[in-house]
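Participant: Test case, fold it:
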Amino acid sequence: MISSSRRICLSSSPTRFHNKSPRISINSRNYSLNNVKNSQFAKKGTLNKREVEPFLVDKFDRKHNYLRISLTERCNLRCKYCMPENGIDLSPNSSILNQDEIVKLASLFVESGVDKIRLTGGEPLVRKDILDICKRIGSLEGLKDLGMTTNGINLPRKIEELKASGVNLLNISLDTLQKHKFELITRRLGFERVWESIQLALKMGFDPLKVNVVVMKGINDEEVLDFVELTRDNNMEIRFIEYMPFGGNNWKDEKMIPYQALVDEIKKRHSGFNRIPEEETKSETSKLWKVPGYAGRIGFITSMSQHFCGSCNRLRITADGNLKVCLFGEQEVSLRDLMRGGANDEELKRVIGMAVQKKEKAHGGMVDMYDIAKGKNRPMILIDNDRKEFNVSQSSTTILFPSSYQMQHSRLYSNEKQKFPFSHVDEKTNQPSMVDVSSKKETFRTAHARTIVRLPPQVISHFTSGDIKTPKGPVFATAIIAGTMAVKRTSELIPFCHPLPIEKCDITIQLNEKDGTIEINSVVGITGKTGVEMEALTGSSVAALTVYDMCKSITHDISIQETKLISKKGGKSDIKYQRDELYLQLVSSIKIGGNLFWNDLVLNF
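Facilitator: Numbering: from 1, shown residues only. Coordinates of the predicted model:
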């Protein structure tokens with residue numbers, strides 16, 4: 001159901017969208033455009049059309065003049081449709097293409113007829129040498145367009161230099177106009193930064209600015225009309241993307257809203273909504289539509305319901321240097337290994353040509369979207385390193401947060417009806433009682449919990465040689481010991497936890513200096529009859545408290561921000577019951593007029 005009147009959190013007083021366009025106001029931040037206007041790269045698109053070399057033409061006569069290069073598999077967000085719930089195993093830095101290798105491949109493709117390159121990730125702007133990469137690729141003779149797809153978090157402080165370096169096409173990903181829902185989808189803060197990026201991109205004249213929106217039923221589909229309204233006064237293209245299956249994102253067809261359904265809903269509000277003639281947009285990935293009188297336009301990426309494989313002109317290089325000829329294909333070839341093995345340009349072209357010739361007619365040889373969902377494609381974040389396989393879960397849970405404070409005392413992950421409402425109270429005596437697990441099957445069970453702690457600069461300044469050193473001693477090392485001890489003694493702290501012979505306890509602490517936080521991960525394993533999620537949660541929590549205790553001599557301004565269960569495996573319920581902070585944080589509490597209320601929200605994760 002697509003509704004019309006929603007909120008966007010741009011200030012302390014949210015604005016309701018009715019028939020007026022949501023205004024995008026440019027803040028007072030100063031940006032010099034002189035060097036951008038005078039840059040040799042500021043205006044692209046004037047080069048004559050060139051033919052690609054034969055090795056870039058496949059057996060279906062598709063000419064590949066568009067290359068997407070992933071610069072990193074790292075990202076500063078954790079979007080649920082992109083990042084598997086349990087995270088990803090990051091490749092070592094030595095496996096990732098270095099700057100010279102990236103430029104070498106870009107140069108080879110441009111010399112062979114590619115005239116458009118898009119830099120992606122992960123999140124490309126987390127790469128420290130991003131500006132140098134853009135300058136070197138942007139200066140390649142024959143390149144018509146240099147684009148970038150970004151989540152916008154790091155864009156404000158780099159956007160001017162990016163455009164001066166040659167980036168003339170910009171896509172910013174934003175799946176919701178509601179701040180609290182942004183945090184649910186991305187598992188991170190940052191809505192205001194993304195919104196600022198959109199403002200600055202419009203100010204700097206990216207024409208048109210494209211905003212990518214993955215539409216998911218029950219999550220953000222009621223905001224479609226609000227996104228359409230953004231095009232009333234702004235020269236931007238809102239691109240609605242059909243929800244696609246990738247490794248680990250729990251794709252289900254009922255989450256996907258097909259292109260035609262979106263068009264039909266928009267037409268109910270805007271009867272004149274019409275398609276831009278195809279002959280004007282032959283090279284576009286999206287099907288372009290427009291509301292008469294509006295400055296911007298609407299695009300639809302219809303990969304699932306109406307694929308555009310017949311006109312596909314794209315090739316992809318992953319962050320670890322693999323050539324991927326189809327987004328949904330599982331076949332890859334390592335250009336990195338060839339280069340590092342001494343292959344010359346002609347040898348690289350020969351291998352690329354062989355891969356291009358094996359490109360399937362549609363969807364990597366998959367029959368339909370259900371076939372794609374069963375495959376072992378990379379998670380989305382790794383597409384745009386060695387290929388890792390993730391099983392695509394065929395199950396998900398609908399979590400409903402009511403608009404009252406009352407929550408049912410039942411396990412949200414269970415479909416079984418409980419005969420007695422309290423599992424730890426004896427039905428006959430009404431007295432507390434430990435659950436009998438004697439009849440349960442003994443399996444290897446694991447749990448992963450995470451705690452985030454925010455540290456002020458005066459604490460972070462003590463970071464050296466992999467640890468924070470305070471007058472009390474090494475903080476991380478002490479916290480790891482404390483967390484490990486707590487894991488082993490959880491049953492002494494939590495009344496109804498069974499004493500367990502822990503077999504695996506791995507507590508790690510990582511500092512993120514950019515946002516001033518540390519991430520404490522606690523992974524616990526055991527072969528037994530009951531799970532270890534409480535042990536994992538206790539381990540990360542006590543480690544966080546120890547960090548506070550070790551650092552309080554410097555300052556008390558330390559915030560333990562969140563503790564959440566990331567996954568649990570090996571038991572009957574596994575990880576079906578929780579989706580990160582959705583349950584553990586009892587999400588989306590918002591203060592309006594001093595009154596706390598629960599936002600009505602159904603999230604199908």
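Participant: Show the average pLDDT along the host helix or strand of Ala543.
Facilitator: Element membership for Ala543, per DSSP states H and E: helix 533-551. Helix 533-551 carries an average pLDDT of 95.
Participant: who does that helix touch, helix- and strand-wise?
Facilitator: The helices and strands touching helix 533-551, judged by 3 or more C-beta pairs under 8 Å, 6 or more residues apart in numbering; DSSP states H and E, are strand 443-454, strand 467-470, helix 475-488, helix 490-493, strand 504-512, strand 517-528, strand 559-569. Quick note: C-beta positions are derived from backbone N, CA and C, even for glycine.
Participant: 6 Å - rerun?
Facilitator: Helix 533-551 sits against strand 443-454, helix 475-488, helix 490-493, strand 517-528, strand 559-569, with contacts defined as 3 or more C-beta pairs under 6 Å, 6 or more residues apart in numbering; DSSP states H and E.
Participant: As CSV, these with distance to Asp58 and mean neighbour count would be great.
Facilitator: Converted to CSV, the helices and strands packed on helix 533-551 look like this (distance: least, C-beta to C-beta, whole Å; neighbours: other C-beta atoms under 10 Å):
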stretch, distance to Asp58, mean neighbour count
strand 443-454, 42, 21
helix 475-488, 52, 21
helix 490-493, 57, 15
strand 517-528, 44, 22
strand 559-569, 40, 18
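Participant: what's the closest of those to Ala261?
Facilitator: strand 559-569 (33.1 Å; C-beta to C-beta).
Participant: just to revisit the earlier point, is it possible to get TSV of the helices and strands packed on helix 533-551 that adds mean pLDDT and distance to Arg62?
Facilitator: Compiled in TSV, those are given as follows (pLDDT from 0 to 100; distance: least, C-beta to C-beta, whole Å):
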stretch	mean pLDDT	distance to Arg62
strand 443-454	93	43
helix 475-488	94	52
helix 490-493	88	58
strand 517-528	93	43
strand 559-569	91	41
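Participant: closest one to Pro54 among the ones you listed?
Facilitator: strand 559-569 (48.2 Å).
Participant: and the angle from that closest one to strand 443-454?
Facilitator: Our comparison of strand 559-569 with strand 443-454, counting by axes from the mean of the first three to the mean of the last three C-alpha atoms, to 10 degrees, yields an angle of 160 degrees.
Participant: residues contacting Arg188?
Facilitator: Leu77 (C-beta atoms under 6 Å, 6 or more residues apart in numbering).
Participant: And Asp175, by the same measure?
Facilitator: 185, 213-214, 220.
Participant: quick one, phi psi at Ser334?
Facilitator: phi -90, psi 110 (degrees, to the nearest 10).
Participant: Could you double-check that it sits in contact with Asp320?
Facilitator: No. Applying C-beta atoms under 6 Å, one finds Ser334 not in contact with Asp320, separated by 7.7 Å.
Participant: and those two? which has more neighbours close in?
Facilitator: Comparing Ser334 with Asp320 by other C-beta atoms under 10 Å, the one with more neighbours is Asp320, at 23 against 18.
Participant: My guess is that one contacts Pro92. True?
Facilitator: No. In this structure Asp320 lies outside contact range of Pro92 using C-beta under 6 Å: 9.6 Å.
Participant: Show me whatever sits in contact with both of these two.
Facilitator: With C-beta under 6 Å, 6+ apart as the test, Asp320 and Pro92 reach no residue in common.
Participant: At which residues are the strands of the stretch 1-150 of the chain located?
Facilitator: 7-8, 15-16, 66-70, 116-120, 145-150 (DSSP state E, counting those that start in this stretch).
Participant: ok and the helix holding Ala543 relative to strand 559-569, angle-wise?
Facilitator: Using the same axes, to 10 degrees: helix 533-551 against strand 559-569 is 160 degrees.
Participant: and Lys552, how many residues sit next to it?
Facilitator: Using other C-beta under 10 Å: Lys552 sits among 14 other residues.
Participant: Spatially nearest residue to it, not counting backbone neighbours?
Facilitator: Leaving out its chain neighbours, the residue that sits closest to Lys552 by C-beta to C-beta, 6 or more residues apart in numbering is Ile558, at 7.1 Å.
Participant: burial of that neighbour, as a residue count?
Facilitator: With other C-beta under 10 Å as criterion, Ile558 counts 18.
Participant: Count the neighbours of Ser271 for me.
Facilitator: Neighbours around Ser271, by other C-beta under 10 Å: 10.
Participant: Give me the three-state assignment for it.
Facilitator: Three-state call for Ser271 (DSSP: H, G, I helix; E, B strand; the rest coil): coil.
Participant: any idea how far Glu562 is from Val167?
Facilitator: With the distance defined as C-beta to C-beta, to the nearest Å, Glu562 ends up 35 Å from Val167.
Participant: any weak-confidence spans in the chain?
Facilitator: 1-49, 84-88, 244-254, 279-284, 307-308, 328, 363-439, 573-605 (pLDDT under 70).
Participant: Contact partners for Val52?
Facilitator: Applying C-beta under 6 Å, 6+ apart, the residues contacting Val52 are 63, 65, 113.
Participant: need the strands for the stretch 201-350 of the chain, in chain order.
Facilitator: Counting by DSSP E, counting those that start in this stretch, the strands of the stretch 201-350 of the chain are 209-215, 236-242, 274-275, 287-290, 297-301, 314-317, 322-324, 333-334.
Participant: Distance to Ser465 for those strands - can I get that in TSV?
Facilitator: Converted to TSV, the strands of the stretch 201-350 of the chain look like this (distance: least, C-beta to C-beta, whole Å):
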stretch	distance to Ser465
strand 209-215	41
strand 236-242	44
strand 274-275	61
strand 287-290	55
strand 297-301	47
strand 314-317	36
strand 322-324	35
strand 333-334	35
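Participant: Which of those strands sits closest to Ala486?
Facilitator: Comparing the strands of the stretch 201-350 of the chain under C-beta to C-beta, the one sitting nearest is strand 209-215, at 39.0 Å.
Participant: What strands flank the closest one, and is each parallel or antiparallel?
Facilitator: Strand 209-215 has the following strand partners under DSSP bridges: strand 169-173 (parallel), strand 236-242 (parallel).
Participant: re earlier: identify the farthest-apart pair in the contacts of Asp175.
Facilitator: Ile185 and Val213 (10.9 Å).
Participant: Which one of the two is surrounded by more residues?
Facilitator: Ranked by neighbour count (other C-beta under 10 Å), Ile185 and Val213 place Ile185 first, with 23 against 20.
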